[in-house]
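A.B. asks: Here you go, sequence then predicted model.
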Amino acid sequence: MSAKSKVLFICQHNSGRSQIAEAYLKEFYGDHFEICSAGLAPANEINPLVIDVMAEVGIDLKGKKPQSVFELFKQGNLYDHVITVCHDSESKCPIFPGITKRWHWPFPDPAAVEGSESEKLEAVRKIRDLIKEWLMDPPDGTINFNALIT
């Protein structure tokens, strides 16, 4: 049996988009890939709105902690696929050694949503659902996880 391909999702703080993408990819394709996420400047905790909207779909992120992409890099971790999921992270990402394919999937930032608590939750639900949609039916010219396992 061959080793699982390694996938890393990166966003600025590893408190929202990258955590959602990691959680969904583990749910859908965890048997086929080794998956993690990290941030360029990790937050102290995952965004509470993200924890709430992921709990709505049965995914518990309460025990997760943001981690540093640079620490992963210094530890010598190698990834087959590195996916940046925010607008400002693509140009700041370290170049990972080894055979790495880089992808950029820019999603809105859950930390930037505004409005009442219910409006914020609705906005973060839309981000969550958009990330899920991209994982299940990615745009042409980008990574397709389903195609990699068939």
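C.D. replies: Nice, I can see it.
A.B. asks: quick one: low-confidence parts of this structure?
C.D. replies: Within the chain, the ranges that satisfy pLDDT under 70 run 1-2, 88-99, 150.
A.B. asks: Nearest the geometric middle of it, what residue?
C.D. replies: When CA atoms, centre = their mean is applied to the chain, the residue found nearest the centroid is residue 18 (2.3 Å).
A.B. asks: Specify the local secondary structure of that residue.
C.D. replies: Assigned state for residue 18: helix (three-state reduction, DSSP: H, G, I helix; E, B strand; the rest coil).
A.B. asks: List the buried residues in stretch 33-48.
C.D. replies: Taking 16 or more other CB atoms under 10 Å as the basis for neighbour counts, the residues of stretch 33-48 that come out buried are 33, 35, 36, 37, 38, 39, 40, 42, 43, 46, 47. C-beta: built from backbone N, CA, C; applies to glycine.
A.B. asks: and which of the residues you listed is nearest to residue 4?
C.D. replies: Closest to residue 4 out of the buried residues of stretch 33-48 is residue 33 (5.4 Å), distances taken as CB to CB.
A.B. asks: Run through the strands of this protein in chain order.
C.D. replies: Assigned by DSSP state E, the chain shows strands spanning 5-11, 33-39, 81-84, 101-104.
A.B. asks: on that earlier part again, let me know whether the residue nearest to the centre of the chain touches residue 82 as I believe.
C.D. replies: No. At 11.0 Å, residue 18 does not count as touching residue 82 under the criterion of CB atoms under 8 Å.
A.B. asks: residues shared between the contacts of the two?
C.D. replies: residue 10 (CB atoms under 8 Å, 6 or more residues apart in numbering).
A.B. asks: and stretch 129-149, how far out from the chain's middle?
C.D. replies: Taking CA atoms, centre = their mean, to the nearest Å, one finds stretch 129-149 lying 13 Å from the centre of the chain it belongs to.
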